[in-house]
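Asker: here is the input, now give the coordinates:
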Amino acid sequence: MKEDISRRDFIRIASEGAALAGATALAGACAPKETAAELARKEEDPSARKMEMRTNTGNGDKVSLLGYGCMRFPMKKDDSGKDIPDQEVINRLVDFALLNGVNYYDTAPVYMQGLSEEATGEALSRHPRNEYFIATKLSNFSNYSREASMKLYNDSFRYLRTDYIDYYLLHSLGRGGLLNFNARFIDNGMMDFLQGEREKGKVRQLGLSFHGNQDEFDQLLALHDKYHWDFVQIQMNYWDWQHADGERNVNADYLYEQLDRREIPIVVMEPLLGGRLASPAASVANRLKERDPQASMASWAFRFTGSYPRILTILSGMVYMEHLQDNLKTFQGFKPLSEEELEYLSKDIADIMANYPTVECTSCKYCMPCPFGIDIPGIFSHYNKCINEGTFPQDKEQENYARLRKAYLTSYGRAVPADRQADHCIGCGECLSKCPQSIPIPSQLQHIDRYVEKLKRGSLHL
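Answerer: As a prediction, the model looks like this:
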């Protein structure tokens, strides 16, 4: 029978986990000012800064403003070379997060190639069930049948080792509008079933996650009176606040205003835009450093989103202990931004970002695995990184072109193995329906492939 971790062991494990993870910090990551042991000891000190908590107005839950997104937990290779969750490291991350007040954990059946729920359940089940909230989703994208949907639902309880789910979401609504909603949840009777489960307490809160345009959002929100959305999960950050393209997605200020008007609690996904706001272009980073030399780029983005009172929790996929520690500094003793700072980020900084031709990929990996083995998020991540860092060769007349050309081709080969690069895309389109950002993935891959080929031939003219 499982035993709860003692407080002494809890602090020891969290401290050891931070020390281990700290030894393998990402290159360029900001070193934490406090050690893990010091952070752990602060939890025993009543004068220590506490996690910012938000109250769910629907049921009174006290939820940490920082939520743990379990989409990007660390992986490792097993003996056969297969990617599996690094459960030991995951346990340490969860232990340390719980110790420091993070009590909301968001997963889904499709995360980590289907392994996230089980890894999350193993880590959390080592702790008392009343110390955390579990959020998971009905990800019935590929098979709308009642049988397949019920299997996903029941498997979630088994993998998460629980007999109730605190926050249950209809996953990734929007694209396809009401036709898609009806096919996935009405025609198969799942909406009636889930409402019954909510009445029984098996599902404590029932909501949805949204990816789509304004018309699709309005259609779903119009169903609030009929189904009562307990909460809604949206993509919100200072770029998307007023710079969404309007076709694939909608400005977050509109989403927020509509939900706030109806007093519907909001869960935020992609506050860092897949990491792009944590490592922005140098021109952006320099401006923010001028304002506050000590603040990390990620802290600016988190403070932007957390400054809006209807936000219940902000999800962050913290892969490394350094990420978790830095985020804790932001959310413990949380300081909202001023009105001037909010406008500066959403207008001035976002306008600068609009001049960079990056691919709007958030590295969610919904498009994976590619049937032809292409590392789609890896290709886009490398491309975006070079643009943001100013190491993007643009023309043969460019200063230092030869050096930039060589650096790009070398780093591309190191970041993405040759057999997984963009030239292997045949345009099958299987990835298109899976992308929550509605990125035209094949055409973007073909664009990058043409760009790389021009670099190789030395014929680049933009």
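
Asker: hang on, Arg204 in a helix?
Answerer: No - Arg204: not assigned to a helix; according to DSSP: H, G, I helix; E, B strand; the rest coil it is strand.

Asker: what distance do you get for it to Lys434?
Answerer: 29 Å (Cβ to Cβ, to the nearest Å). (Glycine included, C-beta is placed from N, CA and C.)

Asker: over to Tyr344?
Answerer: If you measure Tyr344 against Lys434 using Cβ to Cβ, the figure is 35 Å.

Asker: please apply the same query to Thr330.
Answerer: In this structure, Thr330 and Lys434 are separated by 31 Å, where distance is defined by Cβ to Cβ.

Asker: now swap in Thr358 and tell me
Answerer: On the measure of Cβ to Cβ, Thr358 and Lys434 end up 20 Å apart.

Asker: with Cys70 instead?
Answerer: Taking Cβ to Cβ, one finds Cys70 at 19 Å from Lys434.

Asker: neighbour-wise, which of the two wins?
Answerer: The residue with the greater number of neighbours, taking Cys70 and Lys434 and applying other Cβ atoms under 10 Å, is Cys70; the counts read 29 against 17.

Asker: got the contact list for that one?
Answerer: Contact analysis of Cys70 by Cβ atoms under 8 Å, 6 or more residues apart in numbering lists Tyr105, Asp106, Thr107, Tyr111, Met112, Ser116, Ala119, Thr120, Gly317.

Asker: count of residues packed around the residue nearest to it when sequence neighbours are not counted?
Answerer: For Cys70, the nearest residue in space outside its immediate sequence neighbours is Thr107; the separation is 4.1 Å by Cβ to Cβ, 6 or more residues apart in numbering. Using other Cβ under 10 Å, Thr107 is surrounded by 27 other residues.

Asker: ok, now which ones touch the residue nearest the centre of the chain?
Answerer: Per Cα atoms, centre = their mean, the C-alpha nearest to the average position across the chain is that of Glu270, at 4.5 Å. Listed by Cβ under 8 Å, 6+ apart, the contact partners of Glu270 are Gln235, Met236, Asn237, Asp240, Thr362, Cys364.

Asker: of all the residues you listed, which two lie farthest apart?
Answerer: The most widely separated members of the contacts of Glu270, counting by Cβ to Cβ, are Met236 and Cys364 (15.2 Å).

Asker: returning to that earlier point: which among the contacts of Glu270 gets closest to Pro309?
Answerer: Proximity of the contacts of Glu270 to Pro309 (Cβ to Cβ) peaks at Met236, which lies at 13.3 Å.

Asker: using CSV, list the CA coordinates for stretch 81-91.
Answerer: Listed next in CSV are the C-alpha coordinates belonging to stretch 81-91 (Å, rounded to 0.1, in the frame of the first residue of the first chain):
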residue,chain,number,x,y,z
GLY,A,81,15.8,3.5,-27.5
LYS,A,82,12.1,4.4,-27.0
ASP,A,83,11.2,7.7,-25.4
ILE,A,84,9.6,7.3,-22.0
PRO,A,85,8.8,9.7,-19.1
ASP,A,86,11.8,10.2,-16.8
GLN,A,87,9.6,9.4,-13.8
GLU,A,88,12.3,10.0,-11.2
VAL,A,89,12.9,13.6,-12.4
ILE,A,90,9.1,14.1,-12.8
ASN,A,91,8.5,13.1,-9.2
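
Asker: that stretch: which residues count as buried?
Answerer: Of the residues in stretch 81-91, those scored as buried under the neighbour-count criterion (16 or more other Cβ atoms under 10 Å) are Pro85, Asp86, Gln87, Val89, Ile90, Asn91.

Asker: what of stretch 212-228?
Answerer: Gly212, Asn213, Gln214, Glu216, Phe217, Gln219, Leu220, Leu221, Tyr227.

Asker: off-centre distance for it?
Answerer: Relative to the mean C-alpha coordinate of its chain, stretch 212-228 is positioned 23 Å out (Cα atoms, centre = their mean, to the nearest Å).

Asker: coming back round to it: where does confidence bottom out across the contacts of Glu270?
Answerer: Within these, pLDDT reaches its minimum at Thr362, with 75.

Asker: Gln437 is in contact with that residue, correct?
Answerer: Yes - taking contact to mean Cβ atoms under 8 Å, the distance of 6.4 Å between Thr362 and Gln437 places them in contact.

Asker: what touches both of these two?
Answerer: With contacts defined as Cβ under 8 Å, 6+ apart, no residue is shared by Thr362 and Gln437.

Asker: higher neighbour count, these two?
Answerer: Thr362 (23 against 20).

Asker: once you drop chain neighbours, what's closest to the more buried one?
Answerer: Nearest residue to Thr362 in three dimensions, chain neighbours excluded: Gly274, at 2.9 Å (Cβ to Cβ, 6+ apart).
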